[in-house]
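A.B. asks: here is a sequence with its predicted model. Questions after.
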Amino acid sequence: MSSKSGLEHKFDITFTAVLAQREKQIQQNYRPIIGIHKWFARRPGTVFRNLLLSEFNGEEPIESGYWRAHQMKGIIADPFMGGGTPIFEANRLGFSVVGTDINPMSYWIVRQSLAPLDLQLFTETAKEVIADVEKEIDDLYNTRCVNCSESAPVKYFIWVKTQTCPACETDNDLFPGYLLSAAVRHTKNVVVCSQCGELNEYERQPSKEEPEPCFNCSCPVYVQGVAKRNKITCRECGLIYSYPPKKPNAPPKHRMWAIEYNCERCKPTNKGRFFKKPDTEDLCKFKKAQERFQNIDSDLPIPDEKIPNGDETKRLLRWGYGRFREMFNDRQLLGLGLLLQRIMKVKDSDVRHALLTVFSDFLRYQNMLCRYDTYALKCQDIFSVHGFPVGLVQCENNLLGIPNVGAGAFRHFLEKYQRAKLYCLNPFETLFKGHKKERLPVQGEKIIANFVRDFPQAKKREAYIKAVTATDLPLQPDSIDGVFTDPPYFDNVQYAELMDFCFSWLRLGLGKEFDIFKPTTTRARAELTGNITMNRGLESFTDGLSKVFCHYAAALKAKAPFVFTYHHNDPVAYVPLVVAILDAGLDCTATFPVPAEMGASLHIAHSKSSVLDTVFVCRKSISKPDRTLFEARLSCDIEKLNAAGLKVSESDIRCLYAGHTARVAINRLRKKWDANFSLKARMSIANNYVIQIGGEAQISSVISCLRQKLEFAWKSGGVHAEAI
């Protein structure tokens with residue numbers, strides 16, 4: 001592939017940014033394949049489709065080639081396949097694929113995404129599983145409607161953490177606020193009374209300064225809570241004490257204080273949602289669930305592994321969660337144990353594997369770290385941020401779910417899995433005509449593969465994927481047509497620590513069939529993430545990245561591209577890229593900005609994180625030094641993103657600047673680079689160049705210049721002027 005016809009010249013930043021922004025707003029609608037299972041920080045499939053087509057689709061303009069079917073031949077590799085996006089997009093275009101990831105959950109997600117499935121048998125079996133489990137637990141998820149007094153299914157049970165006063169032993173509710181529902185999705189503001197626990201509805205949100213009387217006990221009701229900055233005042237003796245307690249020997253206690261349910265009989269005449277304070281019958285049902293669970297606990301498949309200390313899991317340990325099973329209440333453990341037990345009895349292995357995957361995924365909505373969104377009035381899953389946030393108010397979801405109502409239950413995840421597999425058989429793109437969206441079937445493409453146990457053949461649409469360290473996969477020289485990947489971004493996400501939550505359950509159903517599910521954890525010393533607990537710093541990350549880049553670059557065909565995305569706010573985190581690319585004998589021929597995240601995502605909202613990635617395009621040939629000033633390059637990038645309607649912040653500019661800095665450092669160091677120097681020496685050389693080229697003084701100066709040159713764009717709303 002000559003450079004003139006390669007993606008360096010054909011990639012369209014504006015066209016890609018338009019598509020990627022739309023996809024990231026509702027990614028499951030644009031790429032339903034992500035519904036197979038949760039993975040973190042998935043990059044837009046539209047980005048990798050554009051990259052692949054720009055490289056391999058000849059002279060056809062991307063604006064036309066993007067929307068039609070392709071049957072390409074060749075082998076595309078991804079050494080960090082994670083959630084599988086580059087693998088899926090390459091497979092869909094017809095390529096055979098080679099993929100590795102050290103995390104067995106990544107392997108399983110990619111495998112299940114590419115695997116064929118009898119959807120009719122899957123649907124029929126799922127109905128049988130639900131019917132059998134429903135007989136056992138349905139009564140535990142019903143309440144009595146306050147309007148008609150008839151039985152109605154519960155959507156969510158709402159709990160609050162409690163902590164015992166060390167002085168008088170009174171259990172105090174750790175309410176950060178008393179608001180249950182804002183008057184957005186519901187007709188009024190619903191606020192719980194701190195004295196009697198009744199739910200009150202008001203037109204406005206009452207405050208301590210302007211409270212409203214409780215309709216039940218007449219005490220003042222307000223939204224401000226009593227738990228603040230890890231301190232609580234005892235309601236009996238007035239002692240101020242800390243939460244969580246120091247060195248707790250048990251997980252926190254909870255008290256049920258609200259229920260949201262669904263009453264079909266009353267819905268036609270009811271305005272808004274259905275809320276109630278739990279009555280005696282509701283509390284008795286939970287006690288009944290506890291007794292049932294205690295009687296059959298030892299017979300159910302429930303994980304008992306300890307939660308290891310880690311950068312993310314240390315928060316769980318600080319709250320007293322010592323084992324994964326302690327992150328669930330007894331009703332959840334009863335239902336999950338019965339459901340997993342029933343799935344494990346399914347005879348057809350493909351269907352059983354699919355149902356186990358659904359089970360693993362929906363766990364994130366079925367635990368006592370889920371929170372209730374008081375505005376959207378829905379359950380927020382445990383991974384709504386990339387960590388283990390321990391909130392004070394918890395949301396217990398209906399396990400099996402109400403048909404066509406709510407989200408996060410087993411029924412809903414079955415539907416999501418079905419949509420994902422249907423999309424694999426009939427992929428589509430979303431075309432905008434004015435303000436209207438239209439699904440455009442791309443007939444002739446599909447996402448499905450023939451799995452092989454050895455290196456694939458280029459013309460047979462095969463998939464060679466393994467749960468191993470990337471360097472452990474044997475590769476022959478001149479065997480790969482391109483590497484397209486989304487590697488770890490140093491310490492941005494602790495994949496193994498988070499995925500252990502699902503793995504601890506999934507291994508119970510797969511451990512006898514797959515060796516990779518026999519260990520008790522997905523954590524590995526060789527994982528390429530910065531991790532303080534495991535003493536993996538920037539040097540470890542650089543060394544591992546270099547070895548992987550060298551291994552795969554050696555297998556590339558002569559003019560084949562090595563393409564990857566990267567995103568980090570700290571310029572020093574780009575030093576490993578410079579070292580790895582140069583060690584691999586590659587040069588950076590281009591960098592492009594692409595949308596990567598949605599600004600409203602909970603894990604980056606209100607932070608200074610960039611929503612953009614830099615795409616690095618590398619080849620074995622030495623590129624001509626780029627003499628274009630950073631200011632001009634960034635200005636051009638921003639103008640192209642602005643043309644796509646993307647609002648660029650200072651954090652975005654800093655992120656893109658770091659990418660350009662890394663590219664220029666690679667270009668300048670390429671001819672005289674010596675990979676035989678020690679790792680520290682190579683990192684020092686790269687670091688000095690990065691600082692010299694892109695230090696804080698330089699970036700500040702560039703931003704100052706851009707502020708003047710792009711003033712018109714800011715005023716027109718294309719760029720966040722206030723951020724710059």
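C.D. replies: Cool, the structure landed.

A.B. asks: show me what the closest residue to Ala407 other than its chain neighbours is bridged to.
C.D. replies: Leaving aside its chain neighbours, Ala407 sits nearest to Lys378 (6.0 Å; criterion: Cβ to Cβ, 6 or more residues apart in numbering). Every C-beta, even on glycine, is put in place using the N, C-alpha and C of the backbone. Judged by DSSP bridges, the bridge partners of Lys378 are Asp373.

A.B. asks: list the contacts of Lys378.
C.D. replies: Residues in contact with Lys378 (Cβ atoms under 8 Å, 6 or more residues apart in numbering) are 372, 406-408.

A.B. asks: those into JSON lines, with extra columns for pLDDT?
C.D. replies: Listed next are the contacts of Lys378 as JSON lines, based on pLDDT from 0 to 100:
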{"residue": "Tyr372", "pLDDT": "95"}
{"residue": "Gly406", "pLDDT": "88"}
{"residue": "Ala407", "pLDDT": "90"}
{"residue": "Gly408", "pLDDT": "94"}
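
A.B. asks: those residues into a markdown table, with extra columns for neighbour count?
C.D. replies: Below are these laid out as a markdown table (neighbours: other Cβ atoms under 10 Å):
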| residue | neighbour count |
| --- | --- |
| Tyr372 | 23 |
| Gly406 | 22 |
| Ala407 | 16 |
| Gly408 | 23 |
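
A.B. asks: which one of the residues you listed is nearest to Lys161?
C.D. replies: Tyr372 (13.1 Å; Cβ to Cβ).

A.B. asks: ok, the residue lying closest to the closest one once chain neighbours are set aside - how many residues close by?
C.D. replies: Leaving aside its sequence neighbours, Tyr372 sits nearest to Cys395 (Cβ to Cβ, 6+ apart; 3.9 Å). The number of residues packed near Cys395 is 25, by other Cβ atoms under 10 Å.

A.B. asks: surely Cys395 is in contact with Ile382?
C.D. replies: No - counting by Cβ atoms under 8 Å, Ile382 is not a contact partner of Cys395; they are 10.4 Å apart.

A.B. asks: what touches both of the two?
C.D. replies: Common contacts of Cys395 and Ile382, defined by Cβ under 8 Å, 6+ apart, comprise Cys370.

A.B. asks: domains for this protein, by residue range?
C.D. replies: 7-115+419-494+529-715, 124-177+225-408 (automatic domain parsing).

A.B. asks: turn those domains into a markdown table, including distance to Ile516.
C.D. replies: Output for the domains of the chain, formatted as a markdown table (distance: least, Cβ to Cβ, whole Å):
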| stretch | distance to Ile516 |
| --- | --- |
| domain 7-115+419-494+529-715 | 4 |
| domain 124-177+225-408 | 13 |
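
A.B. asks: looking at those domains, which one is packed in the most?
C.D. replies: Burial of the domains of the chain is given as mean neighbour count (mean count of other Cβ atoms under 10 Å); domain 7-115+419-494+529-715 ranks first at a mean of 20.

A.B. asks: what residue ranges in the chain score low on pLDDT?
C.D. replies: Along the chain, segments meeting pLDDT under 70 span 1-5, 598-608, 625-628, 694-697, 707-724.

A.B. asks: again, 50 this time
C.D. replies: Scanning the chain with the threshold set as pLDDT under 50 gives 1-3, 600-607, 714, 718-724.

A.B. asks: quick one, helices of the stretch 601-724 of the chain?
C.D. replies: Remark: helices assigned in the stretch 601-724 of the chain by DSSP state H, counting those that start in this stretch are 630-643, 650-669, 679-694, 696-709, 711-715.

A.B. asks: do you know which of those helices lies nearest Leu317?
C.D. replies: Per Cβ to Cβ, nearest to Leu317 of those: helix 650-669, 31.9 Å.

A.B. asks: the closest one - contacts with which helices or strands?
C.D. replies: Packing contacts for helix 650-669, counted by 3 or more Cβ pairs under 8 Å, 6 or more residues apart in numbering; DSSP states H and E, involve helix 575-583, strand 587-595, strand 612-619, helix 630-643, helix 679-694, helix 696-709.

A.B. asks: with distance to Leu355 added, can I get those in TSV?
C.D. replies: Formatted as TSV, the helices and strands packed on helix 650-669 follow (distance: least, Cβ to Cβ, whole Å):
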stretch	distance to Leu355
helix 575-583	40
strand 587-595	34
strand 612-619	35
helix 630-643	42
helix 679-694	46
helix 696-709	51
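
A.B. asks: to Lys437, which of those lies closest?
C.D. replies: strand 587-595 (17.8 Å).

A.B. asks: which strands or helices does the closest one pack on?
C.D. replies: helix 7-10, helix 13-25, strand 612-619, helix 630-643, helix 650-669.

A.B. asks: how about the helices of the stretch 601-724 of the chain in JSON lines, adding distance to Phe428?
C.D. replies: What follows is these, written out as JSON lines (distance: least, Cβ to Cβ, whole Å):
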{"stretch": "helix 630-643", "distance to Phe428": "25"}
{"stretch": "helix 650-669", "distance to Phe428": "30"}
{"stretch": "helix 679-694", "distance to Phe428": "41"}
{"stretch": "helix 696-709", "distance to Phe428": "38"}
{"stretch": "helix 711-715", "distance to Phe428": "33"}
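
A.B. asks: ok, which of those comes nearest Gly391?
C.D. replies: helix 650-669 (26.6 Å).

A.B. asks: one step back: how about the helices of the stretch 601-724 of the chain, which one is nearest Gly74?
C.D. replies: Using Cβ to Cβ, the nearest of those to Gly74 is helix 650-669, at 25.8 Å.

A.B. asks: circling back to that earlier point, would you tell me which of the helices and strands packed on strand 587-595 gets closest to Lys436?
C.D. replies: helix 13-25 (12.8 Å).

A.B. asks: which strands or helices does the closest one pack on?
C.D. replies: Helix 13-25 packs on helix 45-56, strand 428-433, strand 587-595, helix 630-643, going by 3+ Cβ pairs under 8 Å, 6+ apart.

A.B. asks: residues in contact with that helix?
C.D. replies: Residues contacting helix 13-25 (Cβ under 8 Å, 6+ apart): 30-31, 44-47, 50, 62-63, 66, 430, 432, 592-598, 637, 640-641, 643-646.

A.B. asks: by how many degrees do that helix and strand 587-595 diverge?
C.D. replies: If you take axes from the mean of the first three to the mean of the last three Cα atoms, to 10 degrees, helix 13-25 sits at 50 degrees to strand 587-595.

A.B. asks: tell me the gap between whichever helix or strand comes after helix 13-25 and the middle of its chain.
C.D. replies: Toward the C-terminus, helix 13-25 is succeeded by helix 27-30 as the next helix or strand (DSSP states H and E). Distance of helix 27-30 from the chain centroid (Cα atoms, centre = their mean, to the nearest Å) equals 13 Å.

A.B. asks: nice, that's everything, thank you.
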